[in-house]
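[1] here you go, sequence then predicted model.
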Amino acid sequence: MKIVLASVPVRNRDIDFNLQTIIDYMKKYSGKADLILFGESVLQGFDCLCWNYEEDRQMAVELGADCILRVRGAAKECGIAVSFGFIEREGEVLYSSQIFIGKAGEIVNLFHRVSVGWKEYTRTDGHYREGEKFEKFQYEGKSFATGLCGDLWTDGRPEEMNRLGADVVLWPVWCDYCADEWNSTAKYEYVEQAALCGEKVLFVNPFCVDLDSGEEHAGVAAYFRNGAIEAELPVNDCGCLIVEV
């Protein structure tokens, strides 16, 4: 199975821009790959929330929202599966979620982040919630499991993930390492952590463009296998890495 790890431009609080980016890259890799994986919260951008519930609920989207339906339609049109992160509203509850949509446009899996690091938990109430566990799901003859960012750094969670025995672990994140820190220390720490979670771990960090400050947050993508880097997209390179698993 060919999988695209997409570390591509994301703008905070700009759903229209981010949605178009997701669809454009699905079209670009139609017929060239089976799945395209985007990072955590790419639909709205990780820094899209202000911790005022009434405002945040407007930024979050439901599964039946037009933007989700458009991605499902693009998956069917392009014949490519897609997994991407978004802030989800389910009733009156908000989650940091990762959806996996199959090439026929069907929802294959919906994962709710299990660790609290996606929110300012000292400022939030019961409207902002986490999931309880990881789960394994099947697609095109492969088994997958998803963990979002800090999920796989939480005590006991890597072992929980490993016990699932998934063929491929998807690890979408949102990080802002500078190039020196990533290359000198951080990526080797991630390699070691990934080895605790499974044999094949696909890691992708969005390339965030902060329009307010003009700063770009370094993107990166990597295929970790058996405690080593099988392939990687260099830090600060906005683009895609194609791997075969």
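    Arrived safely.

[2] any low-confidence regions in this structure?
    In the predicted model of the chain, residues 211-217 satisfy pLDDT under 70.

[3] ok, 90 please
    176-183, 208-219, 234-238 (pLDDT under 90).

[4] farthest residue from the center of it?
    Largest separation from the mean C-alpha position in the chain: Glu54, at 25.1 Å (C-alpha atoms, centre = their mean).

[5] that one: which element?
    Using DSSP states H and E, Glu54 sits within helix 53-59.

[6] and that helix, what other elements does it pack with?
    Under the contact definition 3 or more C-beta pairs under 8 Å, 6 or more residues apart in numbering; DSSP states H and E, helix 53-59 sits against strand 81-90, strand 93-101. Just so you know, the C-beta spots here come from the backbone N, C-alpha and C atoms, and that holds for glycine as well.

[7] I'd like those strands as JSON lines, with mean neighbour count appended.
    Formatted as JSON lines, those follow (neighbours: other C-beta atoms under 10 Å):
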{"stretch": "strand 81-90", "mean neighbour count": "24"}
{"stretch": "strand 93-101", "mean neighbour count": "23"}
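
[8] of all those strands, which lies closest to Val220?
    strand 81-90 (15.6 Å; C-beta to C-beta).

[9] residue contacts, Glu192?
    The contact partners of Glu192, taken as C-beta atoms under 8 Å, 6 or more residues apart in numbering, are Gly227.

[10] surely it is within a helix?
    Yes: assigned with DSSP: H, G, I helix; E, B strand; the rest coil, Glu192 falls within a helix.

[11] so how far is Leu164 from it?
    Separation of Glu192 from Leu164 (C-beta to C-beta, to the nearest Å) stands at 19 Å.
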